[in-house]
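[1] Quick one, what's the 3D model for this:
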Amino acid sequence: MKRPKGFTRFITLAASYLKDPDMRLRFISAVTEYAKNKKSFVKGFKYDLMTLIGLIKDWSAGSYTMVSKKTILLAIAALLYFLSPLDTIPDFLGAIGFADDATVIIFVLNSIREEIDRYRQWKSG
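    As a prediction, this is how the structure comes out:
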């Protein structure tokens, strides 16, 4: 699958979140709240969205460490894209505005599939 249009700039932005735990925690809180407020638009990719949120939370807390920084970087970038109102298709357009968000989430999950599968297995105990 080809990298979604406009995603590269979010990877660059995500690097600063890797370095700052406080900023990362505020960010995860904002993403979680935004997803709750937009639940009718994210229901089709909610499980995948919550997996990325959980992965970053668990990595940030130090409870899950079997993941590369590249994977965390991509997960943060995908969530930044989701949170941004000014991505390729603006979210104010409703369902169509969240279609590109879903595409980015799926692209990232497919790119890091092995690590996501390992994380989901770890999470399920």
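[2] tell me which residues in the strand or helix carrying residue 70 are buried?
    Element membership for residue 70, per DSSP states H and E: helix 69-83. Neighbour-count burial for helix 69-83, with 16 or more other Cβ atoms under 10 Å as criterion, is recorded at 71-83. Quick note: C-beta positions are derived from backbone N, CA and C, even for glycine.
[3] Closest to residue 46 out of the residues you listed?
    Residue 46 lies nearest to residue 82 out of these, by Cβ to Cβ, at 11.3 Å.
[4] Can you verify my assumption that the closest one contacts residue 103?
    No - the pair residue 82 and residue 103 does not pass the contact test of Cβ atoms under 8 Å, sitting 10.7 Å apart.
[5] which residues of the chain fall in helices?
    8-19, 21-37, 39-42, 46-61, 69-83, 95-111, 113-124 (DSSP state H).
[6] Select, out of the ones you listed, the one closest to residue 2.
    helix 95-111 (8.3 Å).
[7] Same list (the helices of the chain) but as CSV, adding mean pLDDT and distance to residue 2.
    CSV is the format used below for these (pLDDT from 0 to 100; distance: least, Cβ to Cβ, whole Å):
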stretch, mean pLDDT, distance to residue 2
helix 8-19, 91, 12
helix 21-37, 92, 25
helix 39-42, 76, 23
helix 46-61, 94, 19
helix 69-83, 94, 15
helix 95-111, 81, 8
helix 113-124, 95, 16
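[8] Show me the residue at the heart of this protein, geometrically.
    For the chain, the residue sitting closest to the mean C-alpha position, by Cα atoms, centre = their mean, is residue 79 at 3.1 Å.
[9] my guess is it meets residue 27, correct?
    Yes - using Cβ under 8 Å, residue 79 makes contact with residue 27 at a distance of 7.4 Å.
[10] Many thanks, have a good one.
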